[in-house]
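this one's structure only:
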């Protein structure tokens with residue numbers, strides 16, 4: 001009988017210790033779960049904040065940075081252009097040479113450009129800028145061209161019927177300047 005009482009006492013102590021361990025384990029798990037929930041709540045709050053910031057940036061970009069480039073009505077359209085060489089140290093250009101072409105100021109959604117058209121053929125395409133009441137046009141050959149050509153046009157006398165300025169052409173090691181006069185086409 002002593003053995004059975006001893007066995008029962010031992011088993012009850014064993015079960016009570018086991019229950020304490022299980023209770024401790026359960027409390028530890030609950031604490032870990034609470035910590036994970038807090039961490040998840042923090043991450044969720046950061047995520048929502050980032051979403052708001054992203055939406056704010058996208059809304060800002062839509063309203064500010066997408067700007068459709070367009071020549072003003074005063075400039076846009078076709079002009080008859082007369083270009084006269086005024087100075088040159090290039091064999092390709094002689095002082096007094098004249099050329100008459102159609103200059104067409106046009107744009108797409110992202111850039112301004114000017115087409116030079118002669119006999120219904122596109123001769124040149126200048127990229128353009130309009131700033132400080134001046135038209136600046138540029139054409140440059142790519143690095144694979146036999147001749148490195150850089151053309152810059154500055155048109156700084158602008159009225160509804162006439163535009164005047166200069167064109168500078170740099171070809172390899174020489175330079176030529178031209179006077180430019182554009183008259184509004186009546187076509």
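Yes, it's here. Quick caveat, the model's predicted, so the values are computed rather than measured.

what ranges do the helices span in this protein?
Using DSSP state H, the helices of the chain run over 2-64.

Listing request: residues of it with sub-threshold pLDDT.
For the chain, the stretches flagged by pLDDT under 70 are 1-4, 6-7, 9-19, 41, 45, 47-49, 51-52, 55-56, 58-68, 187.

Make sure residue 88 is actually in contact with residue 95.
Yes. Under the criterion of CB atoms under 8 Å, residue 88 makes contact with residue 95 at 5.7 Å. All C-beta atoms are positioned from the backbone trio N, CA, C, and that covers glycine.

of the two, who's got more company?
residue 88 (18 against 12; other CB atoms under 10 Å).

quick one: that one from residue 140, how far?
Taking CB to CB, to the nearest Å as the measure, residue 88 falls 19 Å from residue 140.

Just give me the neighbour total for residue 107.
15.

make that residue 5, sorry
What residue 5 shows, counting by other CB under 10 Å, is a neighbour count of 9.

repeat for residue 40
10.

need the contact list for it.
Applying CB atoms under 8 Å, 6 or more residues apart in numbering, we find residue 40 in contact with no residue.

quick one: it and residue 50, what's the gap?
Counting by CB to CB - residue 40 and residue 50 are separated by 15 Å.

what about the nearest residue in space to residue 105 that is not next to it in sequence, neighbour count?
Excluding its sequence neighbours, the residue lying closest to residue 105 (CB to CB, 6 or more residues apart in numbering) is residue 71, at 4.7 Å. Each residue near residue 71 was counted by other CB under 10 Å, and the total is 17.
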